[in-house]
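Q: From the sequence below, what's the structure:
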Amino acid sequence: MEDIQNTQHPDPSLINILLVFNPKTNKIEAVKTIDDKGDLKTVPNTKKNQNQFLKIDKQGDLFSNFFSNFLSQLKNPTLFNFFKSPLKESENIGKQIQHHLTHPSTEGEEFLNTYKILTPNTNTMSTNPLSEKEYQYSADQIDWNMMSKFGLTQEKLEKANALDPMLKGFKTNGLVPVTINLGTALTRMDARLSLNTNDAGDVVINIHGIRKEPNFNFKFLGHEFTAEDKKNLKENGNMGRVVELINPKTDEIIPSVISRDRLTNELVAYKVENIKIPEEIKGIKLNEEQKQTLIEGKALYLEGMISTKGEPFNAHVQFNADKKYVEFLFDHKERQQQSHSETSRTFRGKDLSDEQYEKFKGGQTIYLDGLLDKKGQPYQGYITLNQETGKVDFSFQNPNKAGEQAKPTEGHKTQTAVNSEGKTNEATKNLKEPLQKGQQTPKDKNQQAKQDKPQSRTRKRGV
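A: Numbering: from 1, shown residues only. Predicted coordinates for the structure are as follows:
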C-alpha cells in the first residue's frame, strides 16, 4: 500500500522490523508489506531476505505512530500477534520467540513480552505492563560518564534490549555484564540493572547482583519469615500472602507482598495499595473474588485461557512483587514432561540441522560451532541430551573422547570463562577487550604490550 512501504535507512542500529506469528504456518515470519486488499505479506525471517523486510525507525513516538497507521490498513489485525525486533538481531530473536511460543514457560513469557506489540482487543501472553507503560526516565537524565565506570554505554544497553525497561521503571529482563573499577581493584559481575531517583532528584543506577540464596536468617523490613514463607519463596518465587513491613526511614507500617528475583535471589517487596489486577487474563474475565485472591498475594488457578497461538490452556496466576504484575506459574512437572516429549531444535540461539537433531534426540553427542558468548565472540563445544532429566549437557570437550579433544577446545573454555563468567586468565588479565575465538594469550604485539604493562593486583577469580 502507498503508506506502508519498505524504505531504506542509513543506520541499521536505528531500525526495527516487524515479526509476526503466522497462524497458518505456526511460524514466526518477517513482515514485508500490506497489499491493496489489506492482506499481510510476509517472508521467511532470514538474513538473505532482509532487503525485503518492512523497516521502521525504532524511536518511540515514530514507531507508535507508524504501527497505529499500519494496523488501520490491515485486514483483520486481531488475527495476528506482532513483535518488534532490531534489524541486526532479528533472525536470532525470531528463533527465540518461536521457541518460547512452542515451549511455554514463565521465563519464556517474560522474553515474549519484551518484544510483543500490544494491539487493540488482543490478549497478551501475560499481564505484563512493560510494553505499554509510559517512560519514567529519559536517556538524557542518565549520567553516562558514571555508567562508563561500570563498563556500560547507551549503545551496549540498547543492543542488549536492556535500556527500554530501565527507562520505564523496571529492572532489565536479563543479566548484564558489569565491571566495577575501584582503582586498586577491578570486579566483573553479572547483574540486573534499574534506575532510581535519589534525594537530590538525580537519576542513579541500581545494581542488583546475584546472591547464592536469599538471606532468611535476618528480618526483612521487620518481617520474620516462617517455614512456609521460605518454602514458597524458594519453590516458586512468591511468598503468597500479605504481611506488614516497616519503612526504615519513616517507620510507617506498609501492607506488602514479597517475591524473590529468580535471576539474582534478591528479595523484593511491593505495596498492596499499588497492585493493579487486570479485568481479563487471556480471555478469562475475573470476578471480584478472583481479583481479591490475587491482591492478597495468593495463587489463582484459571482454566480455559487462550494462548498466543490460539490454543486453550490452564495455569496458576499470581502477583509477582519483583515483576510488578500478575504472572503465570506453569507447573514444573508439566514443563519437564513437555521437554521429554518435544526436544528443542535450538541451543543457545543456534538451530540444529535435521541430521543433528535426530542424533541429538537419540542421545548422541553433537558438535556445534558458531555459538556466541556474552561478549559476542564465537566458540564451539559439544551437547548431549540427558535422557533421564531431559536437560542438555554442554562440554567444551567431546565427552566420548575427552583426552583426544582436550587440546583443541581448551582455548574456547578459557574464552567463555573470561567473556561470559567474568573470570581471569593470567596470560591476558591486563587486556580490557574480550577474548576472541579460542584465544588464550595476547593475539599481537599491541596486546602483549598491554599485558606486560605493570598493573595492580585486581581480579580475585581465576580460570
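
Q: Please enumerate the strands of the stretch 51-200 of the chain.
A: 55-57, 81-86, 176-181, 186-197 (DSSP state E, counting those that start in this stretch).

Q: Can you name the next helix or strand after the last one?
A: The first helix or strand that comes after strand 186-197 along the chain, using DSSP states H and E, is strand 203-209.

Q: Burial-wise, tell me which of the strands of the stretch 51-200 of the chain comes out on top.
A: strand 81-86 (a mean of 22; mean count of other C-beta atoms under 10 Å). Yep, even glycine has a C-beta here, placed from its N, CA and C like the rest.

Q: Against which helices or strands is that strand packed?
A: Using 3 or more C-beta pairs under 8 Å, 6 or more residues apart in numbering; DSSP states H and E, the elements in contact with strand 81-86 are strand 15-22, helix 90-102, helix 106-115.

Q: tell me the angle of the longest one relative to strand 81-86?
A: Yep, that's helix 90-102 we're talking about. Angle between the axes of helix 90-102 and strand 81-86 is 150 degrees (criterion: axes from the mean of the first three to the mean of the last three C-alpha atoms, to 10 degrees).

Q: Tell me how far helix 90-102 lies from the chain's centre.
A: Centre-to-centre, helix 90-102 and its host chain are 12 Å apart (C-alpha atoms, centre = their mean, to the nearest Å).

Q: Check what contacts that helix and list those residues.
A: Residues outside helix 90-102 that contact it (C-beta atoms under 8 Å, 6 or more residues apart in numbering) are 17, 19, 21, 27-28, 30, 45-47, 50, 53, 83, 85-86, 108-109, 111-112, 115, 308-309, 342, 344, 346, 349, 351.

Q: OK, contacts around residue 216?
A: Applying C-beta under 8 Å, 6+ apart to residue 216 gives the contacts 225, 230.

Q: that's a helix at it, yeah?
A: No - judged by DSSP: H, G, I helix; E, B strand; the rest coil, residue 216 forms no part of a helix; its state is coil.

Q: any idea how far residue 42 is from it?
A: With distances taken as C-beta to C-beta, to the nearest Å, residue 216 is found 50 Å from residue 42.

Q: Sketch out the low-pLDDT regions of the stretch 301-450 of the chain for me.
A: Counting by pLDDT under 70, the stretch 301-450 of the chain shows low-confidence ranges at 331-344, 349, 373-376, 387-390, 401-425, 427-429, 431-432, 434-440, 443.

Q: can you give me the strands for it?
A: 312-320, 325-329, 346-347, 350-351, 366-372, 378-385, 392-395.

Q: now the ones you listed in TSV, with distance to residue 291 and mean neighbour count?
A: Conversion of the strands of the stretch 301-450 of the chain to TSV gives the following (distance: least, C-beta to C-beta, whole Å; neighbours: other C-beta atoms under 10 Å):
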stretch	distance to residue 291	mean neighbour count
strand 312-320	10	19
strand 325-329	10	21
strand 346-347	38	16
strand 350-351	43	15
strand 366-372	44	15
strand 378-385	43	20
strand 392-395	40	15
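
Q: among those strands, which is nearest residue 165?
A: strand 325-329 (12.4 Å; C-beta to C-beta).

Q: Mind giving me the packing neighbours of the closest one?
A: Secondary-structure packing of strand 325-329 (3+ C-beta pairs under 8 Å, 6+ apart): helix 106-115, strand 312-320.

Q: Now the first one: average pLDDT?
A: Looking back up the chat, that one is helix 106-115. In this model, helix 106-115 has a mean pLDDT of 74.

Q: can you pull the buried residues of it?
A: Of all the residues in helix 106-115, those buried under the rule 16 or more other C-beta atoms under 10 Å are 106, 108-115.

Q: Next, the angle strand 81-86 makes with it.
A: 70 degrees.

Q: Can you spell out which helices and strands pack onto helix 106-115?
A: Going by 3+ C-beta pairs under 8 Å, 6+ apart, helix 106-115 lies up against strand 81-86, helix 90-102, strand 325-329.

Q: Surely residue 359 is in contact with residue 368?
A: No - taking C-beta atoms under 8 Å as the definition, residue 359 is not a contact partner of residue 368, at 11.9 Å.

Q: For the strands of the stretch 301-450 of the chain, could you give me CSV that also reports distance to residue 200?
A: Output for the strands of the stretch 301-450 of the chain, formatted as CSV (distance: least, C-beta to C-beta, whole Å):
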stretch, distance to residue 200
strand 312-320, 31
strand 325-329, 30
strand 346-347, 47
strand 350-351, 47
strand 366-372, 40
strand 378-385, 44
strand 392-395, 47
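
Q: Distance of the residue found closest to residue 94 once you drop the neighbours it is linked to in the chain relative to residue 29?
A: Nearest non-adjacent residue to residue 94, counting by C-beta to C-beta, 6 or more residues apart in numbering: residue 45, 4.2 Å away. For residue 45, the distance to residue 29 equals 6 Å [C-beta to C-beta].

Q: between those two, who's got more neighbours?
A: residue 45 (25 against 21; other C-beta atoms under 10 Å).

Q: May I have the residues that are in contact with the more buried one?
A: Taking C-beta under 8 Å, 6+ apart as the definition, contacts of residue 45 comprise 19, 28-30, 90-91, 94.

Q: want to throw these into TSV with distance to residue 399?
A: Formatted as TSV, the contacts of residue 45 follow (distance: C-beta to C-beta, whole Å):
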residue	distance to residue 399
19	36
28	33
29	37
30	38
90	34
91	30
94	31
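
Q: Could I have the buried ones of those as ChimeraX selection syntax?
A: To isolate the buried members of those in ChimeraX, using 16+ other C-beta under 10 Å:
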select :19,28,29,30,90,91,94
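
Q: hang on, residue 249 in a helix?
A: No - counting by three-state DSSP, residue 249 falls outside a helix, being coil.

Q: just to revisit the earlier point, got the helices and strands packed on strand 81-86 as TSV, with distance to residue 235 columns?
A: Converted to TSV, those look like this (distance: least, C-beta to C-beta, whole Å):
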stretch	distance to residue 235
strand 15-22	32
helix 90-102	22
helix 106-115	13
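
Q: okay, now the domains of the protein?
A: 12-102, 139-209, 227-268, 274-335, 346-452 (automatic domain parsing).

Q: tell me the average confidence for the first one?
A: Mean pLDDT, computed over domain 12-102, is 78.

Q: I'd like the distance from that domain to the chain centre, please.
A: Put simply, domain 12-102 sits 20 Å off its chain's centre (C-alpha atoms, centre = their mean).

Q: And the helices and strands packed on strand 81-86: which comes nearest residue 447?
A: Closest to residue 447 of the helices and strands packed on strand 81-86, according to C-beta to C-beta: helix 90-102, at 29.0 Å.
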